[in-house]
Structure formats: structure tokens, C-alpha cells
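>>> Predicted structure and sequence below. I'll ask about it afterward.
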Amino acid sequence: MKIVRGTKNISGPFTYPVVTLGNFDGVHVGHQILFKKAAEIASEKKGTAIAFTFEPHPLKVIAPEKVPPLLTHFHKKMELIEACNIDSVICADFTRQFADQRPRDFSENILKGKIGAKEVVVGFDYAFGRGREGTIPYLKKMGEEFGFVVHVVDPFQLDGLTVSSSHVRELIEAGNMESARKFLGRHYSIVGPVISGYKTGQAIGFPTANIDTSKVQIPGTGVYAVRMIYQNNAYDAVANIGFNPTFHRDRLSVEVHIFDFNQLIYGKEVEVEFISRIRSEIEFKSKDELVVQIKKDIEEAKILLEGKN
């Protein structure tokens, strides 16, 4: 899959471009339907399926105080989009100038001028341009003027709820990893480097890898059955997310105890897949009580992870 960073670097012409537009944070099943639609049309027309997205998240520019933690960082998002049979991604630099574009200018200069779009695929609630002035009826009007057909994909629902990045985020914050998996079409995961921690786990016989999660959405506090992926190998593990109340820490941490693992991975990037929440975080009266509970957590995690893909 070809990745183009910045609209100034778009170098067409593309063969019959079919473009889907959106931020696509999380690449959930609703996004995947848009990609599938674009890829199917492009395949039928022997064209090019293109995802047009943005970096950074638009709210970081428009309303920094409201920007949510990301469900997927850039490289993970690209990996997931590629798996949906998209040929090219155009990632626009979302600046104040870009945000202030009139919808007509975007349609004429980008969709028609830079890309030469023949067909455009959007979700039911898509809006674009300055102040989200560009509605779907307006996009269709621009299509008539500039020569592209607009396809609007209906909302996709699961369990009676419309799939959205904000709802997925709520599920993850609540630690409901099974429901998050349904809405994402995969286990939720975070990617980050292993950093130095308090070494508390090592001191009580359960060494942990501490993950830097400063840029991504992390699940709610508690203990989880997880898989850690390192250098394309998956390892069963148990993770604690929280403040280590038994040791009176005041900093939120993500600590992963990996079963049957003895490699040095400080500074290395790993991916942690969250399979299921085991329990809430608890303050224990002693280290001995904590050790007993950790052993129980490990056994439960092994049961939960057995046979899970």
C-alpha cells in the first residue's frame, strides 16, 4: 500500500480513483465497511481504492482541550487500513489552514484537482470543510459539478448501538474488552516502548514490562489477560493497569508480566492485546497477600487465553 504524507505530495494520475474520506481512528468495523465498499468499486472498475485521512487528529487543531486519546497510532492505523484492501492512503497534514478550507475548495482543489476522484464513499454522518459546513447533500452537489459519484454508507449497528470511535473508547475505558472486540473486529491493542518502572514486580518474583502509553487510549484500571507481541511472536501474559495502591504509587502505569519469557526488551517496542478483564485493582494489606492474588490472576489468565485467537 502506498502512503502519501501531505496533499502537496499527491502525485497522480490515479487510475479511476475511488476515495473514502474520514479520520478512521480505531479502524472499527464501521470504517472497515467503508474501505470494503471503496475497494469493491475500485476492483469492479479496475481502479485505485484510496483512503483520505488526517494527521494529527482534527480536534488537536480545532479544540485541543477536547482531543481524545487515540485508539490507533499512525503506523497501526496504516497497517489496519492496508488489511482492508486499500491501495493508497493520502494523509493530509491537518493544520489550521487545512481546517479553514471551504468545502468547495476541498472538493475542487483536492478531490477533483489533486486526486481526480471518480467515486467518493462516506459514512452517513460525514461532514467536511470549515466548521463542518460541507454536508452530504453539499458533497453530492460538488460531485455533480466536478464529476464524481457519492456513495453514502448507512450506519452499522451492533447490539442496537451505532458503531463509532467514541463508543469504542467508552467500552475500553470501562474495561469491556469483549464488547470492544466486537466493535473493532479484533482485540484492542496498544503499542509502545518498554520503559523503566519501579521494579516492584521483580522484587516480589513477578518481573514486568512497563509500557509507555502516553499517546494512546488505555483500558480502565484493573487486571487483564493479555497477549504481548514482540518481533512477530505472541506471548501469553497478565497486565495490571493502575496506581499500585498496595505500594502507594501516584502514577498510572501499565505493567505486563509475560509468562515463560526472559528476554531483555527495555527500549523495544511491543504490542499488548487485551483479551479479557480479570478483576478490579485492589489494595492489599501485605506483599504476601498480593503475591497470592497474582498467582491466582496468572492461573485465570491462562484459562482465559487458552484457545483465544
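Nice, thanks for sending it over. Numbers count the residues shown, from 1 in each chain.
>>> Correct me if wrong: F124 contacts V150.
No: checked against C-beta atoms under 8 Å, the pair F124 and V150 is beyond contact range at 12.0 Å. To be clear about C-beta, it is placed using only N, CA and C from the backbone, and glycine gets the same treatment.
>>> So for these two, which residue has more residues nearby?
V150 (18 against 12; other C-beta atoms under 10 Å).
>>> Pretty sure the more buried one sits in a strand.
Yes: per DSSP: H, G, I helix; E, B strand; the rest coil, V150 lies within a strand segment.
>>> I'd like the distance between it and G22.
14 Å (C-beta to C-beta, to the nearest Å).
>>> Quick one: distance of stretch 131-146 to the chain centre.
Relative to the mean C-alpha coordinate of its chain, stretch 131-146 is positioned 28 Å out (C-alpha atoms, centre = their mean, to the nearest Å).
>>> Number the residues from 336 up from this point.
Sure, I'll start numbering at 336, so the last one becomes stretch 466-481.
>>> For that stretch, what does the pLDDT average out to?
Average pLDDT, stretch 466-481: 96.
>>> Q436 and K453, how far apart?
Distance from Q436 to K453, by C-beta to C-beta: 22 Å.
>>> Can you pick out the residue with more neighbours from those two?
Legend: neighbour count by other C-beta under 10 Å for Q436 and K453, higher for K453 (20 against 17).
>>> Chain neighbours aside, what residue packs nearest to the more buried one?
Y351 (5.1 Å; C-beta to C-beta, 6 or more residues apart in numbering).
>>> So in the protein, where's the weakest helix or strand by average pLDDT?
helix 535-538 (a mean of 68; mean pLDDT, DSSP states H and E).
>>> Show the model's pLDDT score for N644.
65.
>>> Repeat that for A386.
Note for A386: predicted pLDDT of 98.
>>> about what we covered before: which residues do F459 and V485 both contact?
Here F459 and V485 have I471 as joint contacts, going by C-beta atoms under 8 Å, 6 or more residues apart in numbering.
>>> quick one: low-confidence ranges for the stretch 486-635 of the chain?
533-534, 536-538, 580-584 (pLDDT under 70).
>>> Please repeat the previous calculation with a cut-off of 90.
Within the stretch 486-635 of the chain, the set of residues satisfying pLDDT under 90 comprises 494, 531-542, 548-551, 578-588, 597, 599, 617-623, 625.
>>> Which stretches in it count as helices?
Taking DSSP state H, counting those that start in this stretch as the criterion, the stretch 486-635 of the chain carries its helices at 500-508, 512-519, 535-538, 622-640.
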